[in-house]
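**Q** sequence and predicted structure are below.
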Amino acid sequence: MAPTKNPICIVIPAFNPDSRLSNVVSQLVDSYPLIIVDDGSDKKHSNVFQEFKKYPNVFILKHAINLGKGYALKTAFNYFLVNFPNSPGVVTADADGQHSVSDIINVAEKLLLAPQKLHLGTRLFDSNAPARSKIGNILTRFIFKLFTGTSVSDTQTGLRGIPNSLINNLLEIKANGYDFELEMLLHTCQTHIPIEEITIKTIYEDGNKSSHFNPVIDSIKIYFVFFRFFILSILTAIIDYTIFSISWIISSNILLSTIIARIFAGIFNFTFAKKAVFLSGNDMLPELMKYISLVTVLMFISYGFITFLILLFNINIFVAKIIVEGILFFASFAMQRLYIFNMKEED
C-alpha cells in the first residue's frame, strides 16, 4: 500500500457512474487513499472502474448486484477499519458530481483537526435546487428536530466527515438504502457525538437527474426511521387499551385495570423501544429500572386524570382513557429519549 500525504480516507459509493467520478478521483488521488464501491454497476460502466486500477491509492470493492447506498457505505467502512485502523476517519462523497473537490478537501481537513466530531457538508437550498430536494429537506429537518431535539440543516447530505470512533457502530445499522444516512445521524445524536456543519456548494446538474434517489420509495424508508416510535406507541396503546378494557369489565376497578394493562404493555414497549426504536446498546438493568419508574409515574398520572374526567365531567371511562393516553404519549416519548435510552458518550 503506497504512502499518502493525508491519513483521511475518501469513500465513494458508485452505481453506474460517469466521467464526473473520474474527474473527482483524478484530483484527489495524489493526496488521499480512496475506497470506491462499485454497487452492482452494469457492464456499460465497467470502463470507469477499470481506469482507476492504475492508481495504487484507489481501492475498488465490488458488489455483484445493487445493494443500496447504505450497504455500499458499510462495505467501505469495513474495509477501512481493517486496512486503515489508525486513520482518524473517512470522508464520504457522492459519485454524481454533487460535491466539489474543494468541499471534499475542506471536510477532510476539518475532520483531521477535530476527529471527535461528525462533520456534515451542508448544502444551501436556494432557487436552483430541485423542488423535491427542498421539500424533502424541510420535512426531514423538521421531524428530525422534533424527535431528537437536534437541529441539522441538511439531514440528507452525502458529504460527511465521519470519525473512526463512530464507524464501528455504524456497521451494526440494519438500514441499507438512503435511510442509512439518517440512521447515522440518529445514532450520532444518541451517543452525543458533536456535529459540525460546513457550508458547501450546491451543485445540481440537469435537475439532479443522475441521482438514484427514488422520491417515493426512499422517502418512505427515511420517514419510517422517524415513525418507528409512533408505530410502536400505537401497538402499545392497543395492547394497553385492550387489557384495560377487559380488566375493567371484570373488576370495575380503574386502578387495578390500569396496573394490569401497564404491566403487559410496558414489557412489550420496553423490549421493542430498546432494540428497534432508540437502538440503545446500554446495559439493560439500569434502563429497565428507569423505565419502570417512568411507567409507574405515568400510570398514576393516567389513573388520576381518568378519574378526574369521569367524576368532574362524567365522561365515559373508555373515552377518558383515550384522551389521557393521547396526551401522555408526548411525555412518554420525551422521557424515553432524554432519560431512559439516551446513550452516554463513550470515553
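**A** Now that the structure is in, tell me what you want to look at.
**Q** just name the shakiest helix or strand of this protein by mean pLDDT.
**A** Using mean pLDDT, DSSP states H and E, helix 131-148 stands out as the lowest-scoring helix or strand of the chain, at a mean of 74.
**Q** okay, now the unreliable bits of the stretch 101-250 of the chain?
**A** Along the stretch 101-250 of the chain, the parts satisfying pLDDT under 70 run over 125-134, 136, 204-226.
**Q** now do the strands in it.
**A** All strands of the stretch 101-250 of the chain, identified by DSSP state E, counting those that start in this stretch, fall at 118-123, 160-163, 195-200.
**Q** could you export these as a markdown table, including distance to residue 186 and mean neighbour count?
**A** (Glycine included, C-beta is placed from N, CA and C.) Converted to a markdown table, the strands of the stretch 101-250 of the chain look like this (distance: least, C-beta to C-beta, whole Å; neighbours: other C-beta atoms under 10 Å):
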| stretch | distance to residue 186 | mean neighbour count |
| --- | --- | --- |
| strand 118-123 | 12 | 24 |
| strand 160-163 | 14 | 25 |
| strand 195-200 | 12 | 16 |
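**Q** with distance to residue 306 as extra columns, can I get these in JSON lines?
**A** As requested, the strands of the stretch 101-250 of the chain are exported to JSON lines (distance: least, C-beta to C-beta, whole Å):
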{"stretch": "strand 118-123", "distance to residue 306": "44"}
{"stretch": "strand 160-163", "distance to residue 306": "47"}
{"stretch": "strand 195-200", "distance to residue 306": "41"}
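**Q** specify the stretch among those that is closest to residue 240.
**A** Closest to residue 240 of these, according to C-beta to C-beta: strand 195-200, at 35.8 Å.
**Q** got the angle for the closest one vs strand 118-123?
**A** Strand 195-200 runs at 30 degrees relative to strand 118-123, counting by axes from the mean of the first three to the mean of the last three C-alpha atoms, to 10 degrees.
**Q** now do the domain split for the protein, please.
**A** Domain assignment for the chain, taken from automatic domain parsing, gives 9-213, 228-340.
**Q** ok, back up a step: quick check: which of the strands of the stretch 101-250 of the chain is nearest to residue 92?
**A** Taking C-beta to C-beta, strand 160-163 is the member of the strands of the stretch 101-250 of the chain nearest to residue 92, at 5.0 Å.
**Q** let's see the closest one as PDB, backbone CA atoms only.
**A** C-alpha atoms of strand 160-163 as PDB (Å, rounded to 0.1, in the frame of the first residue of the first chain):
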ATOM      1  CA  ARG A 160     -19.700  13.700   5.600                       C
ATOM      2  CA  GLY A 161     -16.500  13.500   7.700                       C
ATOM      3  CA  ILE A 162     -17.000  10.500   9.900                       C
ATOM      4  CA  PRO A 163     -14.700   9.900  12.900                       C
END
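**Q** before we move on, back to that, ok, which of the strands of the stretch 101-250 of the chain comes nearest residue 54?
**A** Shortest distance between residue 54 and those, using C-beta to C-beta, is found for strand 160-163: 27.3 Å.
**Q** which strands and helices sit next to that closest one?
**A** The contact analysis (3 or more C-beta pairs under 8 Å, 6 or more residues apart in numbering; DSSP states H and E) places strand 160-163 against strand 89-92, helix 101-113, strand 118-123, helix 179-190.
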